[in-house]
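S.K.: dropping the sequence and predicted coords here.
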Amino acid sequence: MAGTVAQTELIATIAVSLSAALALGFVARKLRLSTIVGYMLAGILVGPHTPGFVADQHLADQLSEIGIALLMFGVGLHFSLDDLVAVRRVAVPGAVGQSLIATLFGVLVGMLCGWPPTAGIVFGLALSVASTVVLVRGLTDQRQLHSLHGHVAVGWLVVEDLFTVLILVALPALAGSAEGGLLTSLGWTALKLAGLTVLYVGGTRFVPWFLQHVSRLQSRELFVLAVLGIALGVAYGSAALFSVSMALGAFLGGTIVGRSELSHQAAADALPLRDAFAVLFFVAVGMLFEPRFLIERPLLILATLGIILLVKPVSALLITLFIGFPIRTGLTVGAGLGQIGEFSFIVGGLGQQLGILPHEATQAIVAAALISIALNPAYFLLVEPLEARLRRIRSLSRWVTGRAGELARVPPAQDPANADGGHVVLCGHGRSGRVIGRMLRERKLPMVVIEQDRAIVLDLRSQGVAAIHGDAANELILERSSIDRAKLLLITLADPMATRQAIEAARRLSPGIDIVARVDTEAERHHLSHRHRVDGVLAELELAIEMSRHTLERFGVSQIEAQAVALDMRRGVFAPRDSARVVEVRIAPNSKAAGRQLAELALGKGVLVMAIDRGGSLLVPDGQTRIEVGDLVLLLTSSELSDHVREVL
């Protein structure tokens, strides 16, 4: 009977928790909030501190342990040194500096509350770590994930993830030092790290080989079992053998599996289970929260929110600006860090288990997490108006530009501003910018590159290219590119907001300059065209046109006709009209059209000359284009007019 009751309790806890999480998560997303808010509210609803159904707290804690393990396994699986190396100049000192500042303020709050120093340290460390899930969601909603600002923010979080791992290692030693055995605790910690290193080295030799053999059996069930067995087995084994947290062991297991060529398949197969148990983890955290705490300790909650919503974002902004990155990067990173989530719960929970963190501190962490995650979307919406206000402070703009030093000026020996006919100002030297820059150099066309990545600027200068380190939306940077004497401004930035700001700044400095910019939507292209006289290049449209061209060629359509159809698609005609047909005419030596301009020919209405193939080169003709013998003229016309066209040509 007891077993039946226990089994019912387990089923009831899982069923009710997931159902409540689904309902409140749905409501949270409808309100444009993070689903984590809904999951934690579901925990409060089914927890012991609110009326109605009460889930089994002990079972919920056990299930949340699995959620923690799978969350940290996923972090280890996706851990990439490349992401960190790419932005190491700002991410490493920024994350460490911001974490230390938040920890100092946590210690200050702890002192005011009468906690021991170790409690204040753990409290501050828990508040210093932001939620990766919330950050990525915010960056994605604002279309910033693949921008420089997004890369810096993600790299910053990678460092914080590593910082969390170090905290998980250090907390037991900190607890030991509180009991008077600092040297002993440090010694045991060193031995544990040595044991974990041996486990990691051995795992990287065995696990990839093992997963390869399991994969060859072509059984998805066995592969999923293998991945979960490694994730939970390494987590439990590390905890049992080395007395470290399961979260740390799971992270280690993730990094081991990440070394395998099958890591992407492992991530895809483990994702559904990870998400389900992660939901239970957030529900279990919500169950710990006591709503009456909001009334009993409002000042503690306000102080905690002050660290999260003010201290962390402001310190991130100042550190980012000091290192020499644009204002927008600092504001974006600050907005992303203005919340706490899963890692804060892990650190706080471990601190409470070790007897370091008092009960009221964990309550403050849970309450502040709920509020800060709910407010985080609004923080991202404040980035643009705050940036506009800060840009109006000329002294700040000069200071930010001055942080780049000589890299914020074009070297005199490479200055193309005096070139006859003007030069090109190329904003952004990423994947698109590199291709354009290579073409300009091959054609020996003068250009100045504005790029936010310091390493790219140094590399371009070593190749003799005039390059400036800075933000293209900064008027001082645009002035130093001699934009008033430039012929063309090319903007390849992936950030729509930065693109618009760069265009507005350029129009103020050089009202008549021609501008070509990358855009992400047809609405944006229309807006920039009508308001700022900008030629917008829609990236998705160009992708569709190129794929259409390849498709036509695979079905036997000639290369010249496929190119012509691509040109037609760019003009907005996506399919031939009824009875329309493509006509190819080779200009013979005795043709009446040879030597004459297209405007002189009586082709008539309903005839569109799309392209001319002249000796293998594709020309886009206009009325002044002169027809030559041997040209292959490609036209779009009706069946009725095709004979007339052949007579004229």
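M.R.: Alright, I've got the coordinates.

S.K.: could you pick out the longest helix of the chain?
M.R.: When the chain is parsed with DSSP state H, its longest helix is helix 182-216.

S.K.: distance of Gln218 relative to Leu649?
M.R.: With distances defined as CB to CB, to the nearest Å, the gap from Gln218 to Leu649 amounts to 61 Å. Using the backbone N, CA and C atoms, a C-beta is placed for each residue, glycine as well.

S.K.: which one of the two has more residues nearby?
M.R.: Between Gln218 and Leu649, counting by other CB atoms under 10 Å, Leu649 is the more crowded of the two (21 against 8).

S.K.: and that one, how close does it get to Val400?
M.R.: 61 Å.

S.K.: quick one: buried residues of stretch 196-204?
M.R.: Judged by neighbour count using 16 or more other CB atoms under 10 Å, the buried positions of stretch 196-204 are Leu196, Leu199, Tyr200, Gly203, Thr204.

S.K.: the second one reaches Leu252, doesn't it?
M.R.: Yes - at 6.9 Å, Leu199 and Leu252 qualify as touching, with contact defined as CB atoms under 8 Å.

S.K.: need the residues touching each of those two.
M.R.: Both Leu199 and Leu252 are contacted by Val234, Ser238, under the criterion CB atoms under 8 Å, 6 or more residues apart in numbering.

S.K.: shaky segments in the stretch 101-250 of the chain?
M.R.: Per-residue confidence of the stretch 101-250 of the chain (counting by pLDDT under 70) places the weak regions at 146, 173-189, 243-245.

S.K.: chain center to stretch 295-308, what's the gap?
M.R.: The offset between the C-alpha centroid of stretch 295-308 and the centroid of the whole chain comes to 31 Å, using CA atoms, centre = their mean, to the nearest Å.

S.K.: and if you look at stretch 308-327?
M.R.: Stretch 308-327 has its average C-alpha position 18 Å from the chain's average C-alpha position, going by CA atoms, centre = their mean.

S.K.: that one: end-to-end distance?
M.R.: Start to finish, the residues bounding stretch 308-327 are 20 Å apart (CA to CA, to the nearest Å).

S.K.: so Leu490: helix, strand or coil?
M.R.: For Leu490, the assignment made with DSSP: H, G, I helix; E, B strand; the rest coil gives strand.

S.K.: and for it, the neighbour number?
M.R.: Taking other CB under 10 Å as the criterion, the count of residues near Leu490 is 23.

S.K.: over to Glu360?
M.R.: A total of 16 residues lie near Glu360 under the criterion other CB under 10 Å.

S.K.: excluding covalently adjacent residues, which one is nearest to it?
M.R.: In this structure, Glu360 finds its nearest non-sequential neighbour in Arg297, 6.1 Å apart by CB to CB, 6 or more residues apart in numbering.

S.K.: if I look at that neighbour, how far off is Pro358?
M.R.: Using CB to CB, Arg297 is found at 11 Å from Pro358.

S.K.: joint contacts of the two?
M.R.: In terms of CB under 8 Å, 6+ apart, Arg297 and Pro358 are not both contacted by any residue.

S.K.: SS state for the residue nearest to the spatial centre of the chain?
M.R.: With the centre of the chain defined as its mean C-alpha position, the nearest residue by CA atoms, centre = their mean is Leu145, 2.3 Å away. Leu145 carries the three-state label coil when classified by three-state DSSP.

S.K.: could you verify my assumption that it touches Leu135?
M.R.: No - look at Leu145 against Leu135 with CB under 8 Å: they stay out of range, at 9.5 Å.

S.K.: what sits in contact with each of the two?
M.R.: Val154.

S.K.: buried residues in stretch 235-243?
M.R.: Neighbour-count burial for stretch 235-243 flags Ala235, Tyr236, Ser238, Ala239, Phe242 (criterion: 16+ other CB under 10 Å).

S.K.: over to stretch 346-363?
M.R.: 346-352, 354, 356-358, 360-363.
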